[in-house]
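Trainee: Fold the following and give me the result.
(one chain, ligands or ions: 2)
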Amino acid sequence: MGNSDNKNFFARLKEGLSKTRTGFVRNLDEMISGKRIVSTDIFEDIEEILIGADLGPAFTSNLIEEMRYRAKRNELDSPDALKKIMKDHMTSILKTCESPLRIPKGEPYTIMVVGVNGTGKTTTIGKMASRFKKNGVPMILVAADTFRAAAIEQLGIWAERTGAPIIKQKMGADPSAVVFDAIHAAAAKKAVMLVDTAGRLHTKTGLMDELKKIKRIMDRELPGAPHETLLVLDATTGQNAVVQAQTFHREIGITGIALTKLDGTAKGGIIIRIAQEMGIPIRYIGVGEGLDDLRRFKSEEFVDALFG
Ligand SMILES: Nc1nc2c(ncn2[C@@H]2O[C@H](COP(=O)(O)OP(=O)(O)O)[C@@H](O)[C@H]2O)c(=O)[nH]1
Ligand SMILES: [Mg+2]
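Mentor: Ligands and ions are numbered 1, 2, ... in the order given. Below you'll find the predicted structure:
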């Protein structure tokens, strides 16, 4: 990627995070600007801003503790020093979850995409497919959300756009049967297989049972599959995203996270909580509806963009 592309991408990321910046960094700036010495009575206000920005109690109390310590040693003598401590803290937590998806060449690689309805599963698959296409990776899209006809059609549109074959059946078909067909095709073509799943079930089977069954069939037909179980979380749901992550991880085991709609929310700080409480790689972040708005997650870039 050229340098100007990088700049362009960074500007878009910054733009995407602008609501979170307004709700958090700007509040912070207003509070600390013009103060030559950051007094300790300011910590309560800072704490309030951090909690309000969904950064979570663990992050907040650790950070405040460090600030008090630094203040005592007279190391917290400017707003910039305070911001630097905050940025460093965030980066060190996010870094532990920075681990991009590595897709091996010449082998089938299966990605099962899960998450609650409306979080952005199908869209994320479409955007991932576009990335893979750019990189010349062969792929197959699998319509295992069979509960709504619209869901199958939506994936079909992405298949057309990217030229990727799609494996689908009629609405109401058993998702495991769709996956069964697809996995042999993926193995034969040594392709990346992207499995779209439902986020809510209208049948007697619970969602988690259905997902477990799909996983079981995948592993039976291609040992080791799914290679990635990617949970899609919607940043606008704030704390609820953390609860969803815990539930999905406990029930089916998650190996990666895609955090979408960071552009539509002031709650982008939730990424810190997700990183800290889940400790699962954050593979992608979604910062807009455009094709290029699904990005690999890079902690330093993220924090720099957030602080503007
Ligand atoms: N602004 C914004 N919208 C997104 C993003 N990702 C997905 N969406 C939108 O979220 C809505 C639901 O997405 P969809 O993929 O159908 O969700 P699914 O039910 O989980 O498959 C759609 O209108 C998408 O365009 C994102 O990163 N930013
Ligand atoms: Mg969908």
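Trainee: so what's the one residue in the stretch 151-300 of the chain that gets nearest to ligand 1 bridging to?
Mentor: Closest approach of the stretch 151-300 of the chain to ligand 1 (C-beta to the nearest ligand atom) occurs at G286, with a separation of 2.5 Å. (Each C-beta comes from the backbone N, C-alpha and C, glycine too.) For G286, the beta-bridge partners under DSSP bridges are L294.
Trainee: what sits against it?
Mentor: Applying C-beta atoms under 8 Å, 6 or more residues apart in numbering, we find G286 in contact with 120, 123-124, 127, 258-263, 293-295.
Trainee: same thing with F24?
Mentor: 49-50, 52-53, 55, 266, 268-269, 306.
Trainee: Tell me the one among those nearest to L141.
Mentor: For the contacts of F24, the minimum distance to L141 (C-beta to C-beta) is 29.0 Å, reached by G268.
Trainee: Wait, a helix at that closest one?
Mentor: No. Counting by DSSP: H, G, I helix; E, B strand; the rest coil, G268 falls outside a helix, being coil.
Trainee: residues in contact with it?
Mentor: 17, 19-20, 24, 53, 235, 262, 306.
Trainee: which among the residues you listed gets closest to ligand 1?
Mentor: Ligand 1 has its nearest neighbour among the contacts of G268 in L262, at 6.5 Å by C-beta to the nearest ligand atom.
Trainee: residues from the stretch 151-300 of the chain in reach of ligand 2?
Mentor: The stretch 151-300 of the chain has residues A151 near ligand 2, with proximity defined as C-beta under 5 Å from the ion.
Trainee: Tell me how many other residues crowd the residue in the stretch 151-300 of the chain positioned nearest to ligand 2.
Mentor: Among all residues of the stretch 151-300 of the chain, A151 sits closest to ligand 2, at 4.8 Å; criterion: C-beta to the ion. Neighbour count of A151, defined by other C-beta atoms under 10 Å: 22.
Trainee: Next, work out how far apart it and W158 are.
Mentor: 12 Å (C-beta to C-beta, to the nearest Å).
Trainee: what touches both of those two?
Mentor: Joint contacts of A151 and W158 (C-beta under 8 Å, 6+ apart) are T122.
Trainee: hmm, back to that, is it possible to mark the buried ones in the contacts of F24?
Mentor: Buried by 16 or more other C-beta atoms under 10 Å: 49-50, 53, 55, 266, 268-269, 306, out of these.
Trainee: Shouldn't R283 be within a strand?
Mentor: Yes. Counting by three-state DSSP, R283 falls inside a strand.
Trainee: Touching, it and A258? I think so.
Mentor: Yes. Using C-beta atoms under 8 Å, R283 makes contact with A258 at a distance of 5.9 Å.
Trainee: Show the contacting residues for E277.
Mentor: E277 makes contact with 56, 58, 242, 245-246, according to C-beta under 8 Å, 6+ apart.
Trainee: Type out the PyMOL command that picks the buried ones from those.
Mentor: Buried members of those, defined by 16+ other C-beta under 10 Å, are picked up in PyMOL with:
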select buried, resi 56+242+245
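Trainee: Tell me which stretches of the stretch 101-250 of the chain form strands.
Mentor: 109-114, 139-144, 166-167, 192-197, 228-234 (DSSP state E, counting those that start in this stretch).
Trainee: Name every strand pairing with the second one and say which way it goes.
Mentor: This points to strand 139-144. By DSSP bridges, strand 139-144 pairs with strand 166-167 (parallel), strand 192-197 (parallel).
Trainee: tell me the pLDDT at G115?
Mentor: G115 carries a pLDDT value of 97.
Trainee: Distance-wise, check the closest residue to it other than its chain neighbours relative to T119.
Mentor: In space, and not counting its chain neighbours, G115 is closest to V232: 3.8 Å by C-beta to C-beta, 6 or more residues apart in numbering. Remark: distance between V232 and T119 (C-beta to C-beta) = 5 Å.
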